[in-house]
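J.: Quick one, what's the 3D model for this:
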Amino acid sequence: MSSIKKDENFSEWYNEIVEEAGLTDKRYPIKGMNVWPAYGWKIMRYVDSYIREELDATHHDEVCFPLLIPQTEFQKEKEHIKGFDAEVYWVTKAGDNELDIPLVLRPTSETAMYPMFSLWIRSHSDLPLKIYQLVNTFRYETKQTRAFIRVREIHFFESHTCHVDEEDAQKQIEEDIQILSRIAKKLCMPYMLLRRTEWDKFPGAYYTVGIDTTLIKGRSLQLGSIHHYHENFSKPFDIKYEDLNGDLKYVHQTTYGMSERLLGAVIGVHGDDKGLVLPPAIAPFQVVIIPILAKGNVEEVEKQACILRDELRAAGIRVELDDGDERPGNKFFKWELKGVPLRLELGERDIKNGVVAFARRFDGQKGSFQRSEVTSLVKAELDKIAEEMDAKAWAKMKESIISVDDLENPPEMILRFGWCGDENCGKAIEEKTGLKILGTPYIHEEFHGKCAGCGKDTDIVVYSARAM
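T.: Presented below is the predicted three-dimensional model:
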C-alpha cells in the first residue's frame with residue numbers, strides 16, 4: 001500500500017506504485033532505460049496481444065525492420081530530421097573503426113521503412129500496403145524521466161500504410177480510430193481525439209490526430225497518435241505506383257503509433273492509494289484465491305482451494321492460488337497493490353455453506369458466489385467490473401473538462417475555449433498560461449464565440465491542458 005496519497009502528490013505516488021507493484025526496475029545503469037520485471041512485462045504483453053489481434057483482423061501484416069538507420073536515409077526527409085535531431089542516438093564506431101556513414105538508433109521507423117517501400121511497390125495491385133511492428137524506439141529524453149511515460153528506450157507499436165490516393169488514406173485513418181476504440185475498451189481507457197496544431201503536428205505530417213487522456217487535476221497524457229502524411233514522405237523516398245492508365249503516381253501514406261504509455265495511463269487513471277487497479281483484460285491474474293486456514297481444517301481447505309483454482313483455470317480464467325505462509329490480511333494487501341481484479345476467499349464455513357466469498361479490487365464491493373456456479377459467476381463479475389471501470393473512467397474524464405470564455409486564472413482542469421486559429425495567437429496563449437493547446441476536436445464540435453486569446457469571433461474550439 002502506498003504511503004503517499006494519489007490526490008496529494010501524483011508524481012511521488014506514481015513512482016512508488018510502479019516499483020512496489022513490480023512493474024519496472026529503474027536501477028539499470030542507464031537513466032530512462034528501465035528493466036521490465038515479469039509482472040509488468042506480462043501486462044504489457046497482454047496489451048500487445050490485443051494490438052496484434054486488431055491489426056491482424058484488419059489485414060495488416062506484422063514485420064520487423066532493423067534497429068539502425070543510415071544517416072543518408074534519415075536525411076532524406078528534412079522536416080522529419082528537424083523534429084528529431086535533438087533526440088536521436090548516433091552510432092559512429094564499430095569496434096575501433098569509424099563508420100563511413102553514421103547510423104541512427106530508430107526514433108521512429110519512417111526513414112527505415114520507406115526506402116524498402118519504394119522497392120516493394122510498383123503497381124496499383126500492390127496497394128494498399130498495410131504493415132506494423134512492435135519494437136523498441138530510442139529518443140534522448142532530456143526532461144525528467146518517468147517509468148512508461150517519459151523514457152529513453154520506448155516499447156512501441158507502429159503501423160504504416162500506403163494508398164492510391166488521399167481518400168483511401170483517409171479511410172485508413174477512420175479504421176485506425178475504430179481499432180483504437182476496441183483496444184481502449186480492453187484497457188477501460190477514456191480518450192480524446194484532437195487534431196494537433198500546425199506547430200505541434202508530427203514532423204512531416206499533413207495532419208496529426210493526438211490520442212489524449214486525462215490523469216489528475218487537469219493534466220493530460222498523450223497515449224499515441226495517428227498521422228496522415230499525404231505525399232510528404234512518398235516524394236522524398238520515391239514511393240510510386242503505376243495506375244490503371246499506366247501513369248506513375250506517388251502513394252498517400254498514414255501511420256498510427258502507441259507506446260508503453262498505455263500502461264502508464266492504466267496506472268494513473270485507475271490506480272488508487274492501495275496500488276494498482278487493473279482492467280481484467282490485461283491483468284496477469286484476473287483472480288487470486290486466498291485460503292482462510294484454521295487449526296483442524298487446513299488440509300480440506302487447501303484441497304478445495306486447489307480444486308477451485310483448477311476449475312477456473314480450465315475455464316480460461318487467469319488465476320493464482322496464494323498458499324503461502326503469510327496471514328490473510330498481508331495477502332490481501334499484497335494483491336490489492338498488484339491490482340488483481342477479483343479476490344476469492346475460501347474457508348471452512350464457506351465450504352460448508354456451498355459458497356465462495358469475493359471482493360472486487362475496483363471498488364471494494366464484497367459478496368459471495370454459489371460454489372456450484374462459481375465459474376460462470378466469476379466470468380460475469382469480471383465483465384461487470386470491466387464495464388463499470390470503463391464507465392467510471394469516461395465519466396471522470398468528462399468531469400475534468402470545463403468550457404471557459406477567458407484564460408485569466410485558469411482552473412486546474414482540461415480547458416475548452418475559442419481560438420481564432422492564428423499560430424501567433426495560439427503560441428501567445430501557451431506562453432501566457434503555461435498550458436499546451438492539445439488541438440481541435442477531430443470529430444467536429446459546434447462552437448460560436450470569441451477567441452480566448454485575441455477576442456475575435458470564431459467557430460474554432462480547442463482543448464488545452466498541462467501535459468505530463
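J.: is it true that residue 86 touches residue 141?
T.: No - counting by CB atoms under 8 Å, residue 86 stays clear of residue 141, with 10.5 Å between them. C-beta: built from backbone N, CA, C; applies to glycine.
J.: When these two are compared, which one has more neighbours?
T.: Just comparing residue 86 and residue 141: by other CB atoms under 10 Å the higher neighbour count belongs to residue 141, 16 against 9.
J.: Tell me which stretches of the stretch 201-350 of the chain form helices.
T.: For the stretch 201-350 of the chain, applying DSSP state H, counting those that start in this stretch gives helices covering 261-270, 298-314, 328-337, 348-353.
J.: Deepest in the core, which of those helices is it.
T.: Comparing those by mean neighbour count (mean count of other CB atoms under 10 Å), helix 261-270 comes out on top with a mean of 24.
J.: could you say what helices and strands that one packs with?
T.: Helix 261-270 sits against helix 10-20, helix 38-57, helix 166-187, strand 207-214, strand 219-230, helix 374-399, with contacts defined as 3 or more CB pairs under 8 Å, 6 or more residues apart in numbering; DSSP states H and E.
J.: Kindly reformat those as JSON lines containing mean pLDDT.
T.: Shown next, in JSON lines, are the helices and strands packed on helix 261-270 (pLDDT from 0 to 100):
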{"stretch": "helix 10-20", "mean pLDDT": "95"}
{"stretch": "helix 38-57", "mean pLDDT": "98"}
{"stretch": "helix 166-187", "mean pLDDT": "98"}
{"stretch": "strand 207-214", "mean pLDDT": "97"}
{"stretch": "strand 219-230", "mean pLDDT": "96"}
{"stretch": "helix 374-399", "mean pLDDT": "97"}
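J.: Of the ones you listed, which is nearest residue 276?
T.: Closest of the helices and strands packed on helix 261-270 to residue 276 is helix 10-20, at 6.5 Å (criterion: CB to CB).
J.: Please identify the buried residues of the closest one?
T.: For helix 10-20, a neighbour-count test (16 or more other CB atoms under 10 Å) marks 10, 13, 14, 15, 17, 18, 19 as buried.
J.: next one: that helix to chain centre, how far?
T.: Offset of helix 10-20 from its chain centre (CA atoms, centre = their mean, to the nearest Å): 18 Å.
J.: now do stretch 17-36
T.: Chain-centre distance of stretch 17-36: 18 Å, with CA atoms, centre = their mean.
J.: What is the end-to-end distance of it?
T.: With CA to CA, to the nearest Å applied, stretch 17-36 spans 14 Å between its terminal residues.
J.: before we move on, what about stretch 398-406?
T.: Span of stretch 398-406 from end to end, CA to CA: 20 Å.
J.: May I see the buried residues of that stretch?
T.: By neighbour count with 16+ other CB under 10 Å, stretch 398-406 contains the buried residues 400, 404.
J.: Make CSV out of the helices of the stretch 201-350 of the chain and add mean pLDDT and distance to residue 105.
T.: Below are these laid out as CSV (pLDDT from 0 to 100; distance: least, CB to CB, whole Å):
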stretch, mean pLDDT, distance to residue 105
helix 261-270, 98, 19
helix 298-314, 97, 41
helix 328-337, 97, 35
helix 348-353, 96, 55
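J.: Can you tell me which of these is nearest to residue 388?
T.: Comparing those under CB to CB, the one sitting nearest is helix 261-270, at 11.4 Å.
J.: Between strand 219-230 and the closest one, find me the angle.
T.: Helix 261-270 and strand 219-230 meet at an angle of 150 degrees, taking axes from the mean of the first three to the mean of the last three CA atoms, to 10 degrees as the criterion.
J.: and helix 261-270, how far from the chain's centre?
T.: With CA atoms, centre = their mean as the basis, the mean position of helix 261-270 lies at 7 Å from the chain mean.
J.: tell me the angle of it relative to helix 10-20?
T.: 110 degrees.
J.: Now the helices and strands packed on helix 261-270 in CSV, please, with extra columns for distance to residue 443.
T.: Converted to CSV, the helices and strands packed on helix 261-270 look like this (distance: least, CB to CB, whole Å):
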stretch, distance to residue 443
helix 10-20, 29
helix 38-57, 20
helix 166-187, 9
strand 207-214, 10
strand 219-230, 13
helix 374-399, 15
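J.: between those, which one is nearest to residue 329?
T.: Minimum separation from residue 329 across those (CB to CB) falls at helix 10-20, 17.3 Å.
J.: which other residues reach the closest one?
T.: 2-6, 23-26, 40, 146-148, 215-217, 219, 264, 267-268, 271, 273, 275-276, 337 (CB atoms under 8 Å, 6 or more residues apart in numbering).
J.: Just the buried ones from those, in PyMOL syntax?
T.: The PyMOL command for the buried members of the contacts of helix 10-20 (criterion: 16+ other CB under 10 Å) is given here:
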select buried, resi 2+6+23+24+26+40+146+147+148+215+216+219+264+267+268+271+275+276+337
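J.: that older thread, which of the buried residues of helix 10-20 sits closest to residue 410?
T.: Nearest to residue 410, judged by CB to CB, of the buried residues of helix 10-20 is residue 10 at 18.7 Å.
J.: can you list the domain ranges for the chain.
T.: 10-270, 287-381, 401-467 (automatic domain parsing).
J.: quick revisit: and residue 434, which of the helices and strands packed on helix 261-270 is closest to it?
T.: Closest among the helices and strands packed on helix 261-270, using CB to CB: strand 219-230, at 12.0 Å.
J.: hmm, what's the outermost residue in this structure?
T.: Most distant residue from the mean C-alpha position of the chain: residue 296, 48.9 Å away (CA atoms, centre = their mean).
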